[in-house]
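Enquirer: Sharing a sequence plus its predicted fold:
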Amino acid sequence: MIHMLRICFLAFSLLIAPGVLAQVVIVAGARSPLPELTLDQAEQFYLGRAHTLPDGSVVTLADLPPGSIRDQFYQQLTRKNPSQIRAHWSRMVFTGRALPPQQAESMAQLRQWLASQPNLIGYMPAADADGRVKVLLRLP
């Protein structure tokens with residue numbers, strides 16, 4: 001009986017696990033002049049299909065190192081898994097249409113970049129967004 005309960009608990013945990021992922025937010029430095037983004041704008045930027053805002057401001061992008069937050073970010077924003085994102089960026093670079101976002105080595109490095117580059121956009125778990133960043137979009 002206890003063994004069966006453990007199996008049921010494990011199965012239930014696996015079913016609800018995707019729903020308990022941390023919310024991800026797209027951010028800029030606290031002093032950034034960038035406006036809030038729409039989901040479509042953010043997706044266009046992070047797929048290399050757009051580089052400027054409607055007012056002509058050029059936006060640069062930062063990625064976190066490969067792993068769960070990055071994977072979750074791209075899945076939520078673009079509905080693409082890590083292999084699809086790598087293949088997408090390989091095509092974009094090969095055809096000369098765009099370069100991928102610069103990759104920060106850590107959350108600390110991302111924060112430094114955001115503080116020093118007003119038009120840089122990055123992402124992080126919502127729980128890590130503090131007074132040093134300006135939230136431009138909360139992913140669903």
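Expert: Thanks, I have the structure now.
Enquirer: and the helix or strand hosting Gln72, which residues are buried?
Expert: If you go by DSSP states H and E, Gln72 is part of helix 68-78. Buried residues in helix 68-78, counted by 16 or more other Cβ atoms under 10 Å: Ile69, Arg70, Asp71, Gln72, Phe73, Tyr74, Gln75, Leu77, Thr78. To be clear about C-beta, it is placed using only N, CA and C from the backbone, and glycine gets the same treatment.
Enquirer: Can you report how many residues lie near Ser106?
Expert: If you count neighbours by other Cβ atoms under 10 Å, Ser106 ends up with 10.
Enquirer: Assign a three-state SS to the residue nearest to it when sequence neighbours are not counted, would you?
Expert: The shortest distance from Ser106 to any non-neighbouring residue, by Cβ to Cβ, 6 or more residues apart in numbering, is to Pro65 (7.2 Å). With DSSP: H, G, I helix; E, B strand; the rest coil as the basis, Pro65 sits in coil.
Enquirer: Contacts only, for Pro65.
Expert: Applying Cβ atoms under 8 Å, 6 or more residues apart in numbering, we find Pro65 in contact with Gln103, Ala104, Glu105, Ser106.
Enquirer: Number of residues surrounding the third one?
Expert: Neighbouring residues of Glu105 were enumerated by other Cβ under 10 Å; the total is 9.
Enquirer: Leaving out chain neighbours, which residue sits closest to it?
Expert: Leaving aside its chain neighbours, Glu105 sits nearest to Pro65 (6.5 Å; criterion: Cβ to Cβ, 6+ apart).
Enquirer: Look up which helix or strand Ala50 falls in, please.
Expert: Ala50 belongs to no helix or strand, assigned by DSSP H and E.
Enquirer: Throw the contacts of Pro65 into JSON lines and include distance to Pro54 and secondary structure, thanks.
Expert: Listed next are the contacts of Pro65 as JSON lines, based on distance: Cβ to Cβ, whole Å; DSSP: H, G, I helix; E, B strand; the rest coil:
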{"residue": "Gln103", "distance to Pro54": "27", "secondary structure": "strand"}
{"residue": "Ala104", "distance to Pro54": "27", "secondary structure": "coil"}
{"residue": "Glu105", "distance to Pro54": "32", "secondary structure": "coil"}
{"residue": "Ser106", "distance to Pro54": "32", "secondary structure": "coil"}
